[in-house]
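>>> Fold the following, please.
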Amino acid sequence: MFTVAALYKFAPFPDPAALREPLKALCEAEGLCGSLLLAPEGINGTVAGPRAGIDRLIAHIKGLPGCADLEWKESEAAERPFRRMKVRLKREIVTLGVEGVDPRASVGTYVPPAEWNALIEAPDVAVIDTRNDYEVAIGTFEGAVNPGTASFGEFPAWWEANKDRFHNKRVAMFCTGGIRCEKSTNYLKSQGVEEVYHLQGGILKYLEEVPESTSRWEGECYVFDQRVSVGHGLKPGDYQLCHACGRPVSAADRAAPDYEEGVQCPACVGEYSEEDRARFRERQRQLALARARASSAE
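Numbering: from 1, shown residues only. Sure thing, here's the model as predicted:
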């Protein structure tokens, strides 16, 4: 089994480039896979590997400036969930694109998973899903507002166009692991929203801690690794990934006449040229050959 650690921390990194090589060397030495993002505002990522390797990585990150109180979420994967290890430098660890947004200064009120149901059932509370539309499509909280954004950077424009809908409402926000809500709640507070809340630990913590019998979650939760989706108890879900467009595909999608593994799914039919699809087919053929060679070598 692989231990999967999802983490983020907003912390002051004046020179994130200086942190990159030691992190990358540690991950490679421990046989870890996944992705870590470094920016002047902190660190974000999901990494998988052996238990001891994850422990050493967490200890290293907790030793970075401002990261001693790092929190992270763990799950398990039966198969290697990422192909390789990447440590990249970015302008933001989650891109909102609004100057002055600083979660270290102020965020919404954290609501533990055990208290989330009571909050979102209140009649004066508007619940907003801050994730992208393809994530919302496979699962969300009952009654949540879907902004229909293709990327997190579209959220400020959506809010500006729709803010009057939430007049005299308390706003509760949620996302996969909590990081997008750190920024979105800070942004809403800067826009004059007085009562803003967000789900502590995100959907993943909720699915881990709240029994399915009392859950207000409907569907599955998209995750950014080869598991594609998880359900209650963080058990792997039923979705697979379309390797053409990167969207999640259900069993019904895979049974559709226009689905072709690795080439197109019902959501991306018409998005690519014949040349693109020919390239995707060749990639899929090479993957099948590689799997066959690996199987025969076992």
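>>> these two touch, right, residue 9 and residue 61?
Yes. Shown here, residue 9 and residue 61 form a contact pair, counting by Cβ atoms under 8 Å, at 7.4 Å. All C-beta atoms are positioned from the backbone trio N, CA, C, and that covers glycine.
>>> Next one: residue 68 from residue 145, what distance?
36 Å (Cβ to Cβ, to the nearest Å).
>>> who's more crowded, the two?
residue 145 (19 against 11; other Cβ atoms under 10 Å).
>>> How about the contacts made by the more buried one?
Residues near residue 145 by Cβ atoms under 8 Å, 6 or more residues apart in numbering: 126, 127, 128, 129.
>>> ok, 10 Å please
If you count contacts by Cβ atoms under 10 Å, 6 or more residues apart in numbering, residue 145 has them with 126, 127, 128, 129, 130, 136, 158, 162, 165, 166, 171, 173.
>>> which is the next helix or strand following whichever strand or helix holds the second one?
Going back to what we said before, that points to residue 127. Assigned by DSSP states H and E, residue 127 falls within strand 125-129. Next helix or strand after strand 125-129 toward the C-terminus (DSSP H and E): helix 133-136.
>>> packing partners for that following helix?
Packing contacts for helix 133-136, counted by 3 or more Cβ pairs under 10 Å, 6 or more residues apart in numbering; DSSP states H and E, involve strand 221-222.
>>> for the record, mean pLDDT for the next helix or strand after the strand it packs on?
Once strand 221-222 ends, the next helix or strand along the chain (criterion: DSSP H and E) is strand 229-230. On average, the pLDDT along strand 229-230 is 92.
>>> And the contacts of the helix or strand following strand 229-230?
Sequence-wise, the next helix or strand downstream of strand 229-230 (DSSP H and E) is strand 240-241. By Cβ under 10 Å, 6+ apart, the list of residues contacting strand 240-241 from outside reads 222, 225-229, 247-251, 253-254, 261-262, 265.
>>> run the last query once more with 8 Å
226, 228, 247, 248, 249, 254.
>>> what residues are up against the third one?
Put plainly, it is residue 247. Neighbours of residue 247 in contact, by Cβ under 8 Å, 6+ apart: 134, 241, 265, 267, 268.
>>> how close does residue 130 get to residue 156?
In terms of Cβ to Cβ, residue 130 sits 11 Å off from residue 156.
>>> now do residue 190
Residue 190 is 10 Å from residue 156, by Cβ to Cβ.
>>> Please say which of these two ends up with more neighbours.
The neighbour comparison of residue 190 against residue 156 (other Cβ under 10 Å) goes to residue 156, with 19 against 14.
>>> Just give me the neighbour total for residue 216.
A count of neighbours around residue 216, defined by other Cβ under 10 Å, yields 16.
>>> quick revisit: which one of the contacts of strand 240-241 is nearest residue 80?
Set against residue 80, the nearest of the contacts of strand 240-241 by Cβ to Cβ is residue 226 (7.4 Å).
>>> residues in contact with the nearest residue to the closest one once chain neighbours are set aside?
Once flanking residues are discounted, residue 226 sits nearest to residue 81: 4.4 Å by Cβ to Cβ, 6 or more residues apart in numbering. For residue 81, the contacting residues are 2, 4, 33, 34, 48, 225, 226, 227, by Cβ under 8 Å, 6+ apart.
>>> pretty sure residue 81 is in a strand, no?
No. Using DSSP: H, G, I helix; E, B strand; the rest coil, the assignment for residue 81 is coil, not a strand.
>>> Name the residues of the helix or strand where residue 290 lies that come out as buried.
Residue 290 is located in helix 274-297, with elements delineated by DSSP H and E. Neighbour counts over helix 274-297 (16 or more other Cβ atoms under 10 Å) mark 280, 284 as buried.
>>> I would like the residues contacting it, please.
So helix 274-297 is in contact with 243, 244, 260, 261, 262, 263, 264, 272, going by Cβ under 8 Å, 6+ apart.
>>> Contact partners for residue 62?
Here residue 62 is in contact with 68, 70 (criterion: Cβ under 8 Å, 6+ apart).
>>> ranges for the helices of the stretch 51-200 of the chain?
51-62, 113-120, 133-136, 155-162, 179-190 (DSSP state H, counting those that start in this stretch).
>>> I appreciate the help and will end here.
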